[in-house]
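Q: next comes the sequence, and after it the predicted model I'd like to discuss.
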Amino acid sequence: MSIIIVFQSKHGSTEKAAWELQKRIDQDIYIHDLSKNKKINLHKADMVILGASIHAGKIQKRMRTLMETKKDQLLEKPLALYLCCMETGEKAREQFENNFPQPLREHAVATGLFGGAFDFTKMNFFEKSIVKKVAGVSESVSNFDENAIEKFSQTINAVLKGQPTD
Ligand SMILES: Cc1cc2nc3c(=O)[nH]c(=O)nc-3n(C[C@H](O)[C@H](O)[C@H](O)COP(=O)(O)O)c2cc1C
């Protein structure tokens, strides 16, 4: 079984989540950063995990394009989806639903909301002003959710063992 995690990350949360998943899932995992290389071959993967983050309500363009152009392939094999964002609860779920197409969401064996971080050391001037204005935050803060990552990994490990998932 070969598993690929394909992610896009602006300031590192979604990437950090990919490495956390690699540690926790009992299988060899190849990690592909879509920002560094937009060409991706999914044919050899038996399972695909897609991770993206929200900026001004939307996930990254390359991830949106990948989900459109490779939809049929993604629907052919086990798929898992995760999102990093700073909204929580219903608003986070809404952003997840608005950004991952319904057929993929329905097909997914696991979905996860992993929280995120406002990292002022990595933001440019423009991003800092938006975050200050919209979120009312002016220093770095994190709600990166390791428990959600653990739960998501356990679901995938159960799928790999052919065990039932909740
Ligand atoms: C300019 C900017 C806009 C953002 N907009 C949103 C947003 O609309 N909704 C949200 O939940 N989080 C928003 N966030 C928070 C990010 O989703 C959060 O920083 C996440 O950890 C980013 O993950 P990444 O570093 O992997 O890209 C925003 C962050 C920045 C810097």
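A: Thanks, I have the structure now.

Q: show me where the chain has its helices.
A: Remark: helices assigned in the chain by DSSP state H are 13-24, 61-69, 71-76, 89-99, 102-107, 125-135, 146-160.

Q: residues in contact with the second one?
A: Helix 61-69 is touched from outside by 6, 8, 34-35, 38, 40, 50, 52, 58, 74, 99-101, 104, with contacts defined as C-beta atoms under 8 Å, 6 or more residues apart in numbering. (Glycine included, C-beta is placed from N, CA and C.)

Q: just the buried ones among the residues you listed, please.
A: Taking 16 or more other C-beta atoms under 10 Å as the criterion, what is buried in those is 6, 8, 34, 50, 52, 74, 99-101, 104.

Q: pLDDT and distance to the ligand added to the residues you listed, as JSON lines?
A: Putting these into JSON lines (pLDDT from 0 to 100; distance: C-beta to the nearest ligand atom, whole Å) gives the following:
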{"residue": "Val6", "pLDDT": "98", "distance to the ligand": "13"}
{"residue": "Gln8", "pLDDT": "98", "distance to the ligand": "7"}
{"residue": "Leu34", "pLDDT": "98", "distance to the ligand": "12"}
{"residue": "Leu50", "pLDDT": "98", "distance to the ligand": "13"}
{"residue": "Ala52", "pLDDT": "98", "distance to the ligand": "8"}
{"residue": "Leu74", "pLDDT": "98", "distance to the ligand": "21"}
{"residue": "Asn99", "pLDDT": "98", "distance to the ligand": "10"}
{"residue": "Phe100", "pLDDT": "98", "distance to the ligand": "14"}
{"residue": "Pro101", "pLDDT": "98", "distance to the ligand": "19"}
{"residue": "Leu104", "pLDDT": "98", "distance to the ligand": "19"}
